[in-house]
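Peer 1: Provided below are the primary sequence and the corresponding predicted coordinates.
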Amino acid sequence: MVALTFHGAGDPTLCRRVLAEAAAAHAHLTVLAVGTWLRQNPTLAAAIVDGGHDLGNHTWSHLPMRHLGPLQAYQEVRRGADLLVRLTGTRGQWFRPSGTPRSTATIREAARNSGYPRCLAYDVDPLDYTDPGAEAVTARVLEAVRPGSIVSLHLGHPGTVAALPHVLDRLARRGLRAVTVSTLLGSAP
């Protein structure tokens, strides 16, 4: 198993295309939504959850969290969590800090105080947010992924969306299944 995680922001049409590609491949994803994006596109919360995917928190406004003080870090996490509760009835199980691949003590404290006992990191980053194109995204994911990997991807980039069917197909050919982070880490509800 591998977990394909998506930073939730960008054109909602691209998000719906990602969800359609996942459904076609019987894959399950984890979307970590930026609160301001989800506030502007509230119907996506149900589309994600109803598709059998994890929906988590990627801060309220995607500020670079490693540079925030304790209060601002807490507000970024808490506002995202509160919106998830309003839209889905739960804050989601997963929080990923924005602007850094790893959490700091300040970020972990803000997450804990908002109901997230841990912060979600990743081991595969194809740098898809730099828009290298579908072929590069596909190659970078497949070169680095292994069983148990957590892959960082971004919804708002057309190259990522175009790469997804190829990534899913090649993962399946390797005997790897795309699952939610909850399934991967054995904490599915």
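Peer 2: Thanks, I have it. Numbers count the residues shown, from 1 in each chain.
Peer 1: okay, how far is it across stretch 92-106, tip to tip?
Peer 2: 20 Å (C-alpha to C-alpha, to the nearest Å).
Peer 1: what separates that stretch from the chain centre, distance-wise?
Peer 2: On the basis of C-alpha atoms, centre = their mean, to the nearest Å, stretch 92-106 sits 11 Å off its chain's mean C-alpha point.
Peer 1: Kindly report the same for stretch 12-28.
Peer 2: Centre-to-centre, stretch 12-28 and its host chain are 13 Å apart (C-alpha atoms, centre = their mean).
Peer 1: Could you do stretch 80-88 as well?
Peer 2: 16 Å.
Peer 1: Equivalent analysis for stretch 110-120, please.
Peer 2: With C-alpha atoms, centre = their mean as the basis, stretch 110-120 stands 16 Å off its chain's centre.
Peer 1: now stretch 120-134
Peer 2: Using C-alpha atoms, centre = their mean, the offset of stretch 120-134 from its chain centre is 11 Å.
Peer 1: What is the end-to-end distance of it?
Peer 2: 25 Å.
Peer 1: Tell me the buried residues in it?
Peer 2: Using 16 or more other C-beta atoms under 10 Å as the test for burial, stretch 120-134 gives 120, 122, 124, 126, 128, 129, 132, 133, 134. For glycine as for every other residue, the C-beta is placed from the backbone atoms N, C-alpha and C.
Peer 1: what's the answer for stretch 134-154, then?
Peer 2: Neighbour-count burial for stretch 134-154 [16+ other C-beta under 10 Å]: 134, 136-142, 145, 149-154.
Peer 1: and if you look at stretch 71-90?
Peer 2: Per 16+ other C-beta under 10 Å, stretch 71-90 contains these buried residues: 73-81, 83-84, 87-88.
Peer 1: Relative to residue 181, which of the residues you listed is nearest.
Peer 2: residue 84 (15.1 Å; C-beta to C-beta).
Peer 1: And that closest one, how close does it get to residue 166?
Peer 2: Plainly put, residue 84 is 31 Å away from residue 166 if you go by C-beta to C-beta, to the nearest Å.
Peer 1: where do the strands sit along this protein?
Peer 2: With strands called from DSSP state E, the chain shows them at 2-8, 30-33, 54-57, 150-154, 178-179.
Peer 1: Which strands or helices does the last one pack on?
Peer 2: Helices and strands touching strand 178-179, as assessed by 3 or more C-beta pairs under 8 Å, 6 or more residues apart in numbering; DSSP states H and E, comprise strand 2-8.
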